[in-house]
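Peer 1: I'll drop the sequence and a predicted model, then ask my questions.
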Amino acid sequence: MPPQRHQGAPRRVKRAPPPDHEPCVLPIHQSASGELRALHAKYPPQNLNRWIKDATESLREASSKFAETRREKVFEQDKDRDEEMEQDIAELGVRVERNIRGLVDMDEQLKKMKFILQGISDAEKNRGNGNGIQPVEEFWRQAKRADRAYKRRHLKDRYGNSAEYIELRSLVHGLARPTAPQPQRKDWFKTPMFVCDGRAQISDEEPVSESEGEGRPSDDRDIEMADEESDDGIEEMSATRNLMCPLTMALFKDPVKASCGHIFEKEALLDLFQNYKRLKKENICPTPGCGKQINAKDLRPDALTKRLAEAKLKEKERAEQRAVIAGAGNDESEDEEEEAVSSKSKTERPKSRPRAIIEEEIPFGGGRNNEQGSEGDEDEERVPDSHDEAGEEDDDDDDDEIKEE
């Protein structure tokens with residue numbers, strides 16, 4: 001039998017569940033709209049792109065300078081490398097890798113935000129008399145979806161097509177190993193940023209930027225990456241690229257990249273444009289087989305080629321200095337050898353040379369007073385010939401001339 005409720009006890013009232021929360025949608029009043037305009041004027045979105053660009057440039061400059069200095073001070077001088085220092089350099093490369101990835105991610109995120117906001121604005125204009133969409137919720141929904149789609153992409157698709165990442169990797173590799181070919185883009189994520197003996201590799205599960213927190217959301221941990229062996233559209237780049245301008249046939253000083261992708265010396269290319277203008281011709285790329293139309297306003301400075309050309313020039317100057325020093329050392333050693341030989345010849349006593357035996361020429365037929373050979377041989381009677389008779393007659397004629405005088 002169920003227990004009976006006491007008459008004085010309060011009755012239990014069954015409460016209805018609370019309604020779903022709906023965010024307040026109110027028009028922005030005048031003071032708030034003024035504050036928003038002031039905030040936009042104080043922190044314009046264009047500053048974000050400039051800050052990302054400046055940070056990328058600073059990171060590229062510091063990393064390339066470190067790689068070049070390490071090659072000059074350690075590798076070229078063949079110095080011993082400490083194991084602890086090599087490990088620190090490997091970890092430094094991981095931090096640089098993470099930072100450049102974070103900057104690329106931030107730039108991509110800004111582009112996505114602008115695209116989403118533009119789409120929401122267009123949808124609001126075209127909604128007609130309908131209720132439309134809630135802008136804030138729609139923005140976050142599309143932003144999360146775009147972020148998940150971005151993280152599903154392979155590393156070489158996320159960063160291998162980024163001009164900033166390509167420039168940093170190529171510049172560091174070119175300054176550290178000027179004569180070695182660069183690895184393929186898919187292999188960039190398996191090799192350390194700096195040449196060292198230590199090992200410290202950033203994994204795909206780690207956050208690519210510090211702003212993403214300690215880890216990825218749980219719904220993104222089991223995303224399968226693309227096939228690493230896929231090399232579609234990827235060509236092997238060489239650090240021994242042609243650093244000579246095809247127009248001047250000299251090392252680049254101020255290289256610029258045209259819209260077609262070819263690189264020229266800026267001054268030489270502008271002079272070529274002037275010649276085209278005088279000849280009333282279109283500005284066609286001078287590279288054989290290209291034929292694309294290019295303009296001066298589309299030229300962009302090529303920092304990578306410029307730095308590699310400067311490093312090549314410095315290496316050439318150092319090689320000439322080493323050759324001069326080596327030549328001076330060889331001259332000094334030759335002088336020392338000559339002095340040693342001369343001093344040695346002075347101290348040694350000169351040896352007497354044997355006199356040369358001079359044989360007297362015996363006239364044909366012999367003389368009257370010539371003595372014959374050896375003892376015991378008898379003198380043979382000499383038979384006068386016609387030459388002797390002619391000689392006696394000449395002697396008689398000479399005696400007669402003397403007497404007459």
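Peer 2: Sure thing, it's come through. Numbering: from 1, shown residues only.

Peer 1: show me where pLDDT drops low in the stretch 201-350 of the chain?
Peer 2: 201-241, 328-338, 340-350 (pLDDT under 70).

Peer 1: Enumerate every residue touching residue 77.
Peer 2: By Cβ atoms under 8 Å, 6 or more residues apart in numbering, residue 77 lies in contact with nothing. For glycine as for every other residue, the C-beta is placed from the backbone atoms N, C-alpha and C.

Peer 1: Now do the contacts for the nearest residue to residue 99 once chain neighbours are set aside.
Peer 2: Counting by Cβ to Cβ, 6 or more residues apart in numbering, residue 99 lies nearest to residue 59, which is 5.9 Å off, once chain neighbours are set aside. Residues in contact with residue 59 (Cβ under 8 Å, 6+ apart) are 96, 99-100, 103, 168.

Peer 1: And residue 59, which helix or strand is it part of?
Peer 2: In the assignment (DSSP states H and E), residue 59 maps to helix 46-70.

Peer 1: Give me the phi and psi for residue 301.
Peer 2: Main-chain dihedrals, residue 301, degrees, to the nearest 10: phi -60, psi 140.

Peer 1: who does it bridge with?
Peer 2: residue 256 (DSSP bridges).

Peer 1: residues near it, how many?
Peer 2: 12 (other Cβ atoms under 10 Å).

Peer 1: Same check on residue 269?
Peer 2: When counting by other Cβ under 10 Å, one arrives at 23 neighbours for residue 269.

Peer 1: Likewise for the one 3 residues further on?
Peer 2: When neighbours are defined as other Cβ under 10 Å, residue 272 has 16 of them.

Peer 1: now the one 5 residues further on
Peer 2: The burial count assigned to residue 277 is 11, neighbours taken as other Cβ under 10 Å.

Peer 1: That one and residue 293: what is the separation?
Peer 2: Distance, residue 277 to residue 293, using Cβ to Cβ, to the nearest Å: 14 Å.

Peer 1: what is in contact with the two at once?
Peer 2: By Cβ under 8 Å, 6+ apart, no residue touches both residue 277 and residue 293.

Peer 1: Now do the residue nearest to residue 99, the pLDDT please.
Peer 2: The model reports residue 59 with a pLDDT of 91.

Peer 1: so how far is residue 107 from it?
Peer 2: Counting by Cβ to Cβ, the gap from residue 59 to residue 107 is 13 Å.

Peer 1: Please name the nearest non-neighbouring residue to residue 162.
Peer 2: The shortest distance from residue 162 to any non-neighbouring residue, by Cβ to Cβ, 6+ apart, is to residue 104 (4.8 Å).

Peer 1: and after the helix or strand hosting that neighbour, which helix or strand comes next?
Peer 2: Counting by DSSP H and E, the element that carries residue 104 is helix 83-125. Next along the chain after helix 83-125, taking DSSP H and E as the criterion, comes helix 135-152.

Peer 1: what mean pLDDT does that following helix have?
Peer 2: 89.

Peer 1: elements contacting that helix?
Peer 2: Here helix 135-152 touches helix 83-125, going by 3 or more Cβ pairs under 8 Å, 6 or more residues apart in numbering; DSSP states H and E.

Peer 1: One more pass at 10 Å, please.
Peer 2: helix 83-125, helix 155-158 (3 or more Cβ pairs under 10 Å, 6 or more residues apart in numbering; DSSP states H and E).

Peer 1: Now do the buried residues in it.
Peer 2: Neighbour counts over helix 135-152 (16 or more other Cβ atoms under 10 Å) mark 138-139, 142, 146-147, 151 as buried.

Peer 1: Farthest-apart pair in the contacts of residue 59, please.
Peer 2: 96 and 103 (10.8 Å; Cβ to Cβ).

Peer 1: shared neighbours, these two?
Peer 2: Common neighbours of residue 96 and residue 103 (criterion: Cβ atoms under 10 Å, 6 or more residues apart in numbering): 59, 168.

Peer 1: what's near enough to touch the closest residue to residue 75 other than its chain neighbours?
Peer 2: Leaving out its chain neighbours, the residue that sits closest to residue 75 by Cβ to Cβ, 6+ apart is residue 195, at 7.6 Å. Contacts for residue 195 (Cβ under 10 Å, 6+ apart) come out as 67, 70-71, 74-75, 86, 89-90, 93, 172-173, 176-177, 180.

Peer 1: Could you rerun that using 8 Å?
Peer 2: Per Cβ under 8 Å, 6+ apart, neighbours of residue 195: 67, 70-71, 75, 176-177.

Peer 1: Could I get those in TSV, plus columns for distance to residue 300?
Peer 2: Shown next, in TSV, are those (distance: Cβ to Cβ, whole Å):
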residue	distance to residue 300
67	24
70	29
71	28
75	32
176	25
177	26
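
Peer 1: Thanks a lot, catch you later.
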